[in-house]
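> okay, here's the prediction I keep looking at, along with the sequence it came from:
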Amino acid sequence: MERSEKQLPKLMPLVKGLLLAYGITGIALLILAFLVFKMNLDEGRVNMGIIGIYILSCFLGGFFVGRKRGEQKFLWGMLLGLLYFLLLTGVSALTEPGLASGWKGLVTSFVMCMGAGMLGGMFS
């Protein structure tokens, strides 16, 4: 019991980093939706915008976690990217049964989230 109480403060930067990443994602997706509404963007540009948002969110979340942890920054950033991807995939699976983007899109998203989180941690 005592050991888990000591480990909880170590995980708080990770939780805060995830909240930051999802906050950035939410705001950026709202801006993208507004741009789609006003500018009538095609599907290719919307997909590129979503990919850019995922990368930016994971990078900034990884940067935050790396800055707060101070040690093994790239591993903490990569862990943030993994958790971001898992939560994103879980919510997507609940809202839309089946694999809409296919395995190729899933693997690409996994690599982008983990890589961007790791880079954010490394640059912190």
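All right, it came through fine.

> from what I see, Lys68 and Lys16 are in contact.
Yes - the pair Lys68 / Lys16 is scored as a contact, 7.4 Å apart, by Cβ atoms under 8 Å. Placement of C-beta: from N, CA and C, glycine included.

> packing partners for the helix or strand containing Val91?
Using DSSP states H and E, Val91 sits in helix 73-95. When contacts are defined as 3 or more Cβ pairs under 8 Å, 6 or more residues apart in numbering; DSSP states H and E, helix 73-95 sits against helix 2-39, helix 43-69, helix 102-123.

> compare the mean pLDDT across those helices and name the weakest.
When the helices and strands packed on helix 73-95 are ranked by mean pLDDT, helix 2-39 comes last with a mean of 89.

> in that one, which residues are buried?
Pro13, Leu14, Gly17, Leu18, Leu20, Ala21, Tyr22, Ile24, Thr25, Ala28, Leu32 (16 or more other Cβ atoms under 10 Å).

> which of those residues sit farthest apart?
Pro13 and Leu32 (27.8 Å; Cβ to Cβ).

> ok, residues contacting stretch 79-91?
Contacts of stretch 79-91 with the rest of the structure, by Cβ atoms under 8 Å, 6 or more residues apart in numbering, involve 14, 17-18, 21-22, 54, 57-58, 61-62, 65, 106, 109-110, 113-118, 120-121.

> what mean pLDDT does that stretch have?
95.

> now that stretch - C-alpha only, CSV.
The C-alpha trace of stretch 79-91 is given here as CSV (Å, rounded to 0.1, in the frame of the first residue of the first chain):
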residue,chain,number,x,y,z
LEU,A,79,4.3,6.1,-22.9
LEU,A,80,2.2,9.2,-23.2
GLY,A,81,1.9,8.6,-27.0
LEU,A,82,0.9,4.9,-26.3
LEU,A,83,-1.8,5.9,-23.8
TYR,A,84,-3.1,8.6,-26.1
PHE,A,85,-3.4,6.1,-28.9
LEU,A,86,-5.0,3.5,-26.7
LEU,A,87,-7.6,5.9,-25.4
LEU,A,88,-8.3,7.3,-28.9
THR,A,89,-8.7,3.8,-30.3
GLY,A,90,-10.9,2.7,-27.4
VAL,A,91,-13.2,5.7,-27.8
